[in-house]
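Asks: quick one: sequence plus predicted model below, questions after.
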There are 4 protein chains.
Amino acid sequence: MSPQDPLKPRKRPVQRRSRETVDAIVEAAARVLAERGYAHATTNRIAETAGVSIGSLYEYFPNKDAILVAVAERHLAQMLDGVERALAVADGVVDSLDGLVRRLIEALLEIHERSSDLDRVLFSEAPHPPALHACVLQIEGRLAHAVEGLLQRVAELELRDADTAAHLVVQTAEALIHRFVQHGIHDLSRGDFVDEVAALLGGYLRGAGSTLGA
Amino acid sequence: MSPQDPLKPRKRPVQRRSRETVDAIVEAAARVLAERGYAHATTNRIAETAGVSIGSLYEYFPNKDAILVAVAERHLAQMLDGVERALAVADGVVDSLDGLVRRLIEALLEIHERSSDLDRVLFSEAPHPPALHACVLQIEGRLAHAVEGLLQRVAELELRDADTAAHLVVQTAEALIHRFVQHGIHDLSRGDFVDEVAALLGGYLRGAGSTLGA
Amino acid sequence: MSPQDPLKPRKRPVQRRSRETVDAIVEAAARVLAERGYAHATTNRIAETAGVSIGSLYEYFPNKDAILVAVAERHLAQMLDGVERALAVADGVVDSLDGLVRRLIEALLEIHERSSDLDRVLFSEAPHPPALHACVLQIEGRLAHAVEGLLQRVAELELRDADTAAHLVVQTAEALIHRFVQHGIHDLSRGDFVDEVAALLGGYLRGAGSTLGA
Amino acid sequence: MSPQDPLKPRKRPVQRRSRETVDAIVEAAARVLAERGYAHATTNRIAETAGVSIGSLYEYFPNKDAILVAVAERHLAQMLDGVERALAVADGVVDSLDGLVRRLIEALLEIHERSSDLDRVLFSEAPHPPALHACVLQIEGRLAHAVEGLLQRVAELELRDADTAAHLVVQTAEALIHRFVQHGIHDLSRGDFVDEVAALLGGYLRGAGSTLGA
DNA sequence: AATGAATGAGAGTTCATTCAT
DNA sequence: AATGAATGAACTCTCATTCAT
C-alpha cells in the first residue's frame, strides 16, 4: 500500500517455507552473479537456479537490484563476521602491533580469496545503489571500530586520532587486498604482499601519533 | 570476416578525416559514459553525440567494448601525462621524500577530481575486458617506473626493492584517492586526507629498506 | 468441474458469514476499481482490501470479470434505486412535464456525480462481458419503464409510443450526463447543462406524439 | 535528448520508407485493436501484423499508448472528414432544419457503422490518455463549428446561443448513435432510430431560441 | 565512406489463477 | 472454509548490431 523503498525486500517471509525460498534466491543469486557476472545474471536465471518460479522471486524482491543488495548484505555480514572472529582471538592476549596488523591482513585476504568472483561483481561490476553503499559504509565502520578497539590496547602505540587511523587502515587494507586478489600487484607473491602491506600499515600506525600531532 | 582481435579498432585511420571521426566517437563516448553511466551509454547515443551515424561508428569499432577500451586508453594516457608532468618539476630539484610523496598525491588527486564521473564508470561500473585491464597495468607500470626513478634520487632513502616499493606506493595512492573522490573516507577533509596518505606512504618508504631486508 | 456460467458467482452464499465475505469483496472491488482503474485493480489487491485471502476470493468468484459484473450489478441497482426514489416523490402529485424531466435529470446527475470514478471505470475502461451488458440493459429497461409510467400521467402529453419515448429519454439523459460528469460539455455550467438537457428532452416529448404519428 | 512528450511519435519519418512503416503500423494497430480488443492488441501482434519488427515499432512510437493515440487521431480525422463532406453538400442549398439534422445523423451513423469495432475499442475499452481526450475534444469542436455554421443559415431558426446548441446537438447525436450502433436502443430499427433522433434534435433546435432566452 | 532504417533476442516485470497446507 | 506461497505465460520495451541504399 505505501510506496515502499524500491530496494527493500517485499515481504517478510513469515512461514518457514517462504524463508527457505528467500534464502534459496539469495544463495542462487550469489552463485549466478559470481559465475556469470552482473550483466548475465538475469532474474530468470537466478530464479531457475534457485529452483523457484520467476513469480516467486518477484514475490519477495521488487526488482533485480533489491536482490543485489540482499546478496551484498549477506556477503558483507559474512565478511565482517569472519574478520571479527579472526581478530577476536587477540582479545585476551596483549598483541604486538605487527601481530595485530598481520592478523587483520590475513583475515581479509582469506575472505577475499574465498569469494573473489562475487567480490568483483558486487564491488566493481554491478551498479551501486545507495542502499548498497550504505551497507558497505556500515560494515567498514564496524570493522574500523573493532580495529580501533584493538589498537588502543597495543602498548607501543599512542594514537592522536585512533578513529581516523583505524578507518584508514581498514580502507587501505581492503583496497590493496581487493586489488591483489583480483589482478595481483606487480607479481608479488602472497607472502611478500602480506609483508609489504604489514610494513605499510605498521609504519603508518607507529608514526600516526606524531604525524597528526605535528 | 577474418578472425580479428575483437577489441582492437577495426581499421587504422590513415586518412585525416577518419582520424577525426574516431576522435569524435571516443570523445563523445567519454562524455556519454560520464554523464549517463555505462548502462545508459548506448552505442546509438554515442554515435548521435559524436555527430556520426551508427553505421560509421561500427565502421571503426567492432563492438561496444572496443569503444570502452579506446576511451579508457585515452583517459589513462591523459592521467599518466598529467602525473608525469607534475612529477617532472621535481626532476632537476633534489626533493625531500615528503615533498615527492605529496606531489604525487596532489597530482593524482587533482586528476581524479577532474574526471571522477568517468573514473567511476570506467573502473567501477563497466565490465573489464582483458584489453582494458592490460591497459591499466601498463599505465600503472609506467607510473611506478617514474616514481621509482624519483625515489632513487631522494637522499634519505635506501630502498632494497625500489621497484616493488614504487608499485605499492602507486597502487595505494591510486586506490585510496579513488575511494576518497568517489565516496569520501570517514568524513576526512581533503587536507587531512592528503596528510594521512602522505604519512602512510612516507612511513612505508622510510621503513621499506629495513623491513624487506629483515 | 461442471461447465458453469463463467461469470456467475460460484456458490450461493447461504450462510451469513459467506454473505459477508462476498459483500466485502464486492465493496473492496468497487473501491479499488474507482481508485486505481481497471488495469491496476488486481485480484490480489482486491482481496487484500477486502481483508480476505486471494484463495477465498476465488472461492466465491470464478474469475476477475465475475467480480466486475458483481460490482456493476450492485452499482446499477443502487443507481436505479436512487432514481426510482427521486421519481417516486412525483407519484401522488400531478407533475408538469418540465418538473418531471428536471427531476429525472437531477437524480441521474447526482448519482453520476457521486460515483463518477467507478462509472468511468465500469462503463468506459473495463471490458464489457455480455453478462455486464445484459445487466445494463435490464436496469435501463426498468428505468425506462418507471419513466414511462410517469409520462402517461402528465396531462399535457399524448404520446403515440410512450415506451420508445421513455427509452430514448433515458438513454439520452444517461449518455449526456455521463459525458458531462466525465469531461464536461463545452464549458457549460452545471445549471446551464441541466437547462439544455431539459429543453432537449422536453422539446422531444412535447413533439413526440405528432412526430411519430405523422 | 529532451524528455519528450511520452505519447508523441518518436521521430518524424523523413524518408519514404519510414513513412510507409509508420503507416503500416498505424493501419495494423487499427485492425488488431478492432479485431482483438485493447487487452489483446499487444505491441508484438501489431508489429507482426504490420510486417515490421517490434524494434521498428518502438523506433517510431515510444510506447503502446502512443500507437493508440495515433490510431485515434487518424480515425477521428477520417470521421470528421466524412461528416464535413456529407454536410458540405448542403452548403449551397438552403436546407430545411429537418434536412440538415437528418443529414448529420445519417453521416454520423454511416461512419459509426463502418467502424463500429474500432469505435468500441477506442472510445470504450481503451485507456484515455489526455492526449487522446484532447484529440476528441478538438474533433468534436470542429464538428460543432461546422454544424453551427449551417444552423445559422437555416431560415426558420433564431438561436440565442448557436455555439452551445451546436455542441449539444453534436454530443447528443454522437452519444446516441454510438450506443445505437454498439448495442441497439430498445430494438428500434435503423429508420425509426433516425426518426427519433431527428425529432429530438429538431425539437431542441426549434425551441432553443426561446428556451435559453426565457 | 557513410547512412539510418530495420532487426530480434532477450531483458525485467506483472498478475490471474491454482493448490498444498 | 480459509490461507497465501507458488506458478509461468505473457507483457512492454531496449539496444547492440546489420545491411540495403
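Replies: Received the coordinates, thanks.

Asks: for chain A, which segments count as helices?
Replies: With helices called from DSSP state H, chain A shows them at A:16-36, A:43-50, A:54-60, A:64-88, A:97-114, A:116-120, A:130-151, A:162-183, A:190-213.

Asks: between these, which one is closest to C:His75.
Replies: Proximity to C:His75 (CB to CB) singles out helix A:54-60 among those, at 32.2 Å. All C-beta atoms are positioned from the backbone trio N, CA, C, and that covers glycine.

Asks: which elements pack onto that closest one?
Replies: helix A:16-36, helix A:43-50 (3 or more CB pairs under 8 Å, 6 or more residues apart in numbering or on different chains; DSSP states H and E).

Asks: closest residue of chain A to chain D?
Replies: A:Asn44 (18.4 Å; CB to the nearest CB).

Asks: quick one: least confident helix or strand in chain A?
Replies: In chain A, no helix or strand scores lower on mean pLDDT, DSSP states H and E than helix A:190-213, which sits at a mean of 82.

Asks: taking helix A:97-114 as reference, get the angle to that helix.
Replies: Angle of helix A:190-213 versus helix A:97-114, following axes from the mean of the first three to the mean of the last three CA atoms, to 10 degrees, is 130 degrees.

Asks: surely A:Val69 and A:His133 touch.
Replies: No - using CB atoms under 8 Å, A:Val69 is not in contact with A:His133, being 9.9 Å away.

Asks: neighbour count for the two, which is higher?
Replies: Counting neighbours by other CB atoms under 10 Å in any protein chain shown for A:Val69 and for A:His133 shows that A:Val69 has the greater number, 24 against 14.

Asks: can you pull the contacts of the more buried one?
Replies: The neighbours of A:Val69, taking CB atoms under 8 Å, 6 or more residues apart in numbering or on different chains as the test, are A:7, A:129, A:131-132, A:135.

Asks: identify the residues contacting the residue nearest to the spatial centre of chain A.
Replies: Taking CA atoms, centre = their mean, the centroid of chain A lies closest to A:Leu76, which sits 3.9 Å from it. The contact partners of A:Leu76, by CB under 8 Å, 6+ apart, come to A:135-136, A:139.

Asks: get me the contact residues on chain A for DNA strand E.
Replies: Within reach of DNA strand E by CB under 7 Å from any atom of the strand, chain A has these residues: A:40-44, A:54-55, A:58-59, A:62-64.

Asks: do that again at 6 Å, thanks
Replies: Contact residues (CB under 6 Å from any atom of the strand) of chain A with DNA strand E: A:42-44, A:54-55, A:58, A:63-64.

Asks: quick check, nearest of those to DNA strand F?
Replies: Lowest distance from DNA strand F to the residues of chain A next to DNA strand E (CB to the nearest atom of the strand) belongs to A:Gly55, with 1.7 Å.

Asks: so A:Val169 sits against A:Gly202, correct?
Replies: No - between A:Val169 and A:Gly202 there is no contact, the gap being 9.9 Å when judged by CB under 8 Å.

Asks: ok, the two, which is more surrounded?
Replies: Between A:Val169 and A:Gly202, counting by other CB under 10 Å, A:Val169 is the more crowded of the two (26 against 21).

Asks: what's the closest non-adjacent residue to the more buried one?
Replies: Distances taken as CB to CB, 6 or more residues apart in numbering or on different chains place A:Leu201 nearest to A:Val169, at 5.4 Å, with adjacent residues excluded.

Asks: distance of the one you found relative to A:Leu97?
Replies: 9 Å (CB to CB, to the nearest Å).

Asks: ok, those two, which is more surrounded?
Replies: Remark: of A:Leu201 and A:Leu97, A:Leu201 carries more neighbours, 27 against 18, as counted by other CB under 10 Å.

Asks: check the offset of stretch A:118-136 from the chain's centre.
Replies: Relative to its chain's centre, stretch A:118-136 lies at 10 Å (CA atoms, centre = their mean, to the nearest Å).

Asks: now the common contact residues for A:Val169 and A:Gly202.
Replies: Jointly contacting A:Val169 and A:Gly202 under the rule CB under 8 Å, 6+ apart are A:Val101.
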